[in-house]
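Undergrad: sequence and predicted structure, then a few things I'm wondering about:
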Amino acid sequence: MKEMKIAKNEVASFLDTLIREYKVFAPVKRDSSVVFQEIHSGSEALLDYTNSKKPPKELFSPQTERLFSYDLSQEGLGIEEPPLAEKQRIIFGIRPCDARGLVLLDNVFSGGVYKDVYYIDKRKKTLVIALGCNRPSSTCFCTSLGGGPFSQEGSDLLLIDIGQEYVVQVITDKGEELIKKRNEFKEAEEQSLSSMRKVTDTAEASIKSKVEVGKVKEKLDGMFDDPFWDLVHEKCLGCAVCTYLCPTCHCFDIVDEVIDQRGERIRTWDSCAFPIFTLEASGVNPRPSAKERVRQRIMHKFKYFVDNYGVAACVGCGRCIKECPVNLDIRAVLDSILNR
Amino acid sequence: MKNPYLPLAMRADKIVIETEDNNIKTFSLTFLNKEDETGFNYLPGQFAQLSILGKGEAPFGIASSPTQSGGLEFTVNKAGVVTTALHNLEEGGIIGIRGPLGNCFPLEAFEGKNIVIIGGGFAFTTLRSLINYILYEKNRSRFGKVIVIYGARSPGLLLYKNELEEWEGRPDLGLYLTVDKADEGWQGKVGVVPNIIKEVNPSPENTYAVACGPPIMIKFTLPVLRDLGFLPERILLSLEMRMKCGVGMCGRCNIGNKYVCKDGPIFTLAQLSELPSEY
């Protein structure tokens, strides 16, 4: 399908029609930050924003999620499976880096022999409408990771802001199906396309951070025992904000919670930055200090994930740089690795 | 699509205290639903996640052999929350199970080969599964000579004492039991496992070695095997790491780019030498 366009002042009413059929998530302002949440009116969606503080991965891999519930007073295990998503869903306004993050998560949750039914259900039932980044932040380095401010990977439709209207790139059949009968969408003529090219060129050129990530993996292949790790972790507090806010970090814990006779087995985000993450009941901990834990995070993202799936587990969104309380900049870490 | 997080219900028909310190118990479990039993096809070396609902879940090697009919057996050392809950369970109690998980011993590669099985302490569980699998009438001729070297701190800490006695009487298995500290009436050897391996001096010719035990035993066993001439490709180890999901998603049991839960728990020494020593 050719590139389409939609006038900005028609987006809210387009979303209103979607809300009737779908559960629609969009960025909204809450307190001082931007979050993705369900909207009930098209006008709630925030169209002018940089990125959400938490990545929208939580719409697929929630911070806490019930795996099943049970009744201890019953015979047997008394397990009840949670209901799967009842409605088709749309994420509107996700940034291309975060949409790409979902593709990386797919490797973990649906790419192997075992299938994570909860994640897969949400993925299958969700259509992704991304919003290109006209003004990348100084912490953005998506282009170093194979993405870009207008990367299409992981999205069904991509909107690009050219002033009074959005150019709409139709990426998948699912995306085409959604807009083809809607008269808010018109074919984009050359004038809009040329404005789009100007916008995308300017945005791409504005990303000054570059890391040669391809070469990082080669270096890391032989760096497990390198003295580099003795120093790089020193300022890390082990707060785990970098992993919680990462659109590709997927580690979780599983715990039981019981009130009276009713219990739930839930999973919660967990982090390789925490000492008890790998602590065994025997007292043995294969990653006893921050050194091993920082090494694990870097190795997992830029070597192990590449070994297993052929791609680094990072989209260059820069959240871990922005939110790190001690300014441990992953770009600087990668640069130092390249200079070893 | 099968939900990998849902446990199946099993009943603990028999719970036996294995060791003199009362810290290790063997659970004989039967599936509540017959269909679950037919769907649970496992081989020696694999593990399962056992649940006590309300307390949590932990991984355990399967101690029974698929050649025995009926349910499954697990031998559990009391160490943390879940193992304590298991130990507090009474016969007839219900346990959740997910599995079988992980890989198994390379049984096809073992065919026609001699096997030296080396165990220490309560890590003997999946080795016992392997031994019973090999000794099973219909399987025995597929494998060569079997030597078992098994040690514990004291005679009272050895597992599966009835079976050990039975194996002792078999002409087709060489059993060497050893303890760090003997008591009155101890007939076996005294000394740590690596020293007993030296003494037994098994030939590496056409032979695989399988070792499970505490890290310290493994550390001193590997050089002994190497000096005897065992190649890293012919030495198998079963590893343990803290696990949650058991299916390669929760991210904590990796050693380098391998997950112990789904790529292991059985690795050859050759495979492990390619991985960082972070375990």
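TA: In hand now; what should we look at? This structure is a prediction, so every number in the text was calculated from the model and none was measured. Residues are numbered from 1 along each chain as shown, chains lettered A, B, ... in the order given.
Undergrad: rest of the way, CA atoms for contacts and neighbours
TA: OK.
Undergrad: next up, phi/psi of residue 245, please.
TA: This is for chain A. Backbone geometry at A:Leu245, expressed as degrees, to the nearest 10, gives phi -90, psi 0.
Undergrad: thought it was touching A:Arg319?
TA: Yes: counting by Cα atoms under 8 Å, A:Leu245 touches A:Arg319, with 6.3 Å between them.
Undergrad: hey, what's in contact with both of these two?
TA: Common neighbours of A:Leu245 and A:Arg319, using Cα atoms under 8 Å, 6 or more residues apart in numbering or on different chains, are A:Lys53.
Undergrad: A:Lys122 belongs to a helix, doesn't it?
TA: Yes: remark: A:Lys122 belongs to a helix, assigned using DSSP: H, G, I helix; E, B strand; the rest coil.
Undergrad: from what I can see it touches A:Lys57, true?
TA: No: applying Cα under 8 Å, one finds A:Lys122 not in contact with A:Lys57, separated by 10.9 Å.
Undergrad: what touches both of those two?
TA: Going by Cα under 8 Å, 6+ apart, no residue sits against A:Lys122 while also sitting against A:Lys57.
Undergrad: quick one: contacts for the closest residue to A:Arg297 other than its chain neighbours?
TA: With sequence-adjacent residues excluded and distances taken as Cα to Cα, 6 or more residues apart in numbering or on different chains, A:Arg297 is closest to A:Cys272, at 6.7 Å. Taking Cα under 8 Å, 6+ apart as the contact definition, A:Cys272 lies against A:Ala240, A:Thr243, A:Cys251, A:Thr278, A:Arg293, A:Gln296, A:Arg297, B:Arg252.
Undergrad: any idea of the pLDDT on whichever residue of the stretch 101-250 of chain B sits closest to chain A?
TA: The nearest approach of the stretch 101-250 of chain B to chain A comes at B:Cys250, 4.5 Å away (Cα to the nearest Cα). At B:Cys250, the predicted lDDT confidence score is 97.
Undergrad: can you tell me the element it falls in?
TA: Assigned by DSSP states H and E, B:Cys250 belongs to no helix or strand.
Undergrad: so who does B:Gly56 touch?
TA: B:Gly56 neighbours (Cα under 8 Å, 6+ apart): A:Ile254, A:Val255, A:Asp256, A:Arg265, B:Val81, B:Val82.
Undergrad: let's go with 6 Å and repeat that
TA: Residues in contact with B:Gly56 (Cα atoms under 6 Å, 6 or more residues apart in numbering or on different chains) are A:Asp256, B:Val82.
Undergrad: tell me the mean pLDDT for stretch A:84-91?
TA: pLDDT averaged over stretch A:84-91 gives 90.
Undergrad: quick one: it near chain B?
TA: No: judged by Cα under 6 Å from any Cα of the partner chain, stretch A:84-91 and chain B are separated, with a smallest distance of 11.9 Å.
Undergrad: report the separation between the two terminal residues of that stretch.
TA: 18 Å (Cα to Cα, to the nearest Å).
Undergrad: and for stretch B:151-169?
TA: Using Cα to Cα, first and last residues of stretch B:151-169 are 18 Å apart.
Undergrad: would you mark the buried spots in it?
TA: B:Gly151, B:Ala152, B:Arg153, B:Ser154, B:Pro155, B:Gly156, B:Leu157, B:Leu158, B:Leu159, B:Leu164, B:Trp167 (16 or more other Cα atoms under 10 Å in any protein chain shown).
Undergrad: follow-up on the earlier one: which of the contacts of A:Cys272 fall within strands?
TA: Cross-referencing the contacts of A:Cys272 against strands under DSSP state E gives no overlap.
Undergrad: would you turn those into JSON lines with distance to A:Val167?
TA: Shown next, in JSON lines, are the contacts of A:Cys272 (distance: Cα to Cα, whole Å):
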{"residue": "A:Ala240", "distance to A:Val167": "38"}
{"residue": "A:Thr243", "distance to A:Val167": "34"}
{"residue": "A:Cys251", "distance to A:Val167": "37"}
{"residue": "A:Thr278", "distance to A:Val167": "48"}
{"residue": "A:Arg293", "distance to A:Val167": "44"}
{"residue": "A:Gln296", "distance to A:Val167": "41"}
{"residue": "A:Arg297", "distance to A:Val167": "38"}
{"residue": "B:Arg252", "distance to A:Val167": "43"}
